[in-house]
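J.: okay, sequence plus prediction incoming.
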Amino acid sequence: MQDFFRNVPRYPRYLISFSLGIFWNLLRPLIPLLKRPLTAIALIGVLVGGLAFISFTLQAMLGLS
């Protein structure tokens with residue numbers, strides 16, 4: 001049981017490093033697209049549109065006005 005409590009502080013560090021690794025691997029292929037203005041504008045537009053879509057969908061599902 002003592003080993004369990006000794007390992008508990010390691011879990012948040014693992015979660016942070018795991019999450020950062022996932023985000024880094026998702027964003028790494030998009031970095032070259034940001035170097036050209038046309039693709040950068042399109043990529044930013046897609047990201048903003050996706051966030052707006054998720055926001056509107058959640059507002060409608062939760063009944064928020």
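T.: That came through fine. Note that the coordinates shown come from a computational prediction; the quantities given were computed from them, not determined experimentally. Numbering: from 1, shown residues only.
J.: for the protein, what spans make up the helices?
T.: Ranges of helices in the chain, per DSSP state H, are 2-7, 10-27, 37-62.
J.: switch the ones you listed over to TSV; also include mean pLDDT.
T.: Formatted as TSV, the helices of the chain follow (pLDDT from 0 to 100):
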stretch	mean pLDDT
helix 2-7	86
helix 10-27	94
helix 37-62	96
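J.: can I get those helices in CSV with mean neighbour count?
T.: Quick note: C-beta positions are derived from backbone N, CA and C, even for glycine. As requested, the helices of the chain are exported to CSV (neighbours: other Cβ atoms under 10 Å):
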stretch, mean neighbour count
helix 2-7, 8
helix 10-27, 10
helix 37-62, 10
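J.: how much space between residue 53 and residue 47?
T.: To residue 47, residue 53 is 11 Å away according to Cβ to Cβ, to the nearest Å.
J.: for residue 6, same thing?
T.: Taking Cβ to Cβ, one finds residue 6 at 41 Å from residue 47.
J.: try residue 65
T.: 26 Å.
J.: ok, now residue 9?
T.: From residue 9 to residue 47 the distance is 35 Å (Cβ to Cβ).
J.: then residue 10?
T.: Separation of residue 10 from residue 47 (Cβ to Cβ) stands at 33 Å.
J.: got a list of what the residue nearest the centre of the chain touches?
T.: Nearest to the geometric centre of the chain sits residue 23, at 5.8 Å (Cα atoms, centre = their mean). Applying Cβ atoms under 8 Å, 6 or more residues apart in numbering to residue 23 gives no contacts.
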